[in-house]
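*Asks:* Provided below for reference: sequence and predicted model.
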Amino acid sequence: MLIEQTPQRKAYSGDGARLPLTSAMAQRYEAIIQTYEQLTEMVLNTLRLEIRCRVICNLTASLRKGNFRLESEALEPDPDIVDLASHLTACSSLANRALSMNDEG
């Protein structure tokens, strides 16, 4: 974004549209952008934390209940690991859809 140094500033967005802004309005506009960037960071950090907690919870449950003797044969996958895999797949597909919607617009 480019803002000219005149009393009536003009802000340029990425598509070339010009917004006539006063100095006070340009500061408010910058503050709104900064607020959305902070919100984005908070949402991403929350999602990362949620995924990490889910991984720890499911792996801990699997290790507690699991039978890891070499003599025993695993007939079916551990349900906690299957649950973890399904949640990670759902998170990945949601992220891909959200990111692809942003790329199109």
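*Replies:* Perfect, I can see it now. Computed from a prediction, not measured in an experiment: that's the story for all the values here.

*Asks:* Could you pick out the longest helix of the protein?
*Replies:* When the chain is parsed with DSSP state H, its longest helix is helix 23-65.

*Asks:* gap between that helix and the chain center?
*Replies:* 6 Å (CA atoms, centre = their mean, to the nearest Å).

*Asks:* now the angle from whichever helix or strand comes after it to helix 23-65?
*Replies:* Using DSSP states H and E, the helix or strand that follows helix 23-65 towards the C-terminus is helix 79-104. With axes from the mean of the first three to the mean of the last three CA atoms, to 10 degrees applied, the angle from helix 79-104 to helix 23-65 works out at 160 degrees.

*Asks:* Mind listing what's buried along helix 79-104?
*Replies:* 80, 84 (16 or more other CB atoms under 10 Å). (C-beta placed from N, C-alpha, C; glycine too.)

*Asks:* Against the centre of the protein, work out the most remote residue.
*Replies:* Summary for the chain: using CA atoms, centre = their mean, the residue whose C-alpha lies farthest from the chain's mean C-alpha position is Glu71, with a distance of 43.0 Å.

*Asks:* what's the burial count for Tyr36?
*Replies:* 10 (other CB atoms under 10 Å).

*Asks:* Tell me how far it lies from Tyr29.
*Replies:* Computed as CB to CB, to the nearest Å, the Tyr36 to Tyr29 distance reads 11 Å.

*Asks:* Same check on Thr46?
*Replies:* 26 Å.

*Asks:* cool, Cys53 as well?
*Replies:* Counting by CB to CB, the gap from Cys53 to Tyr29 is 37 Å.
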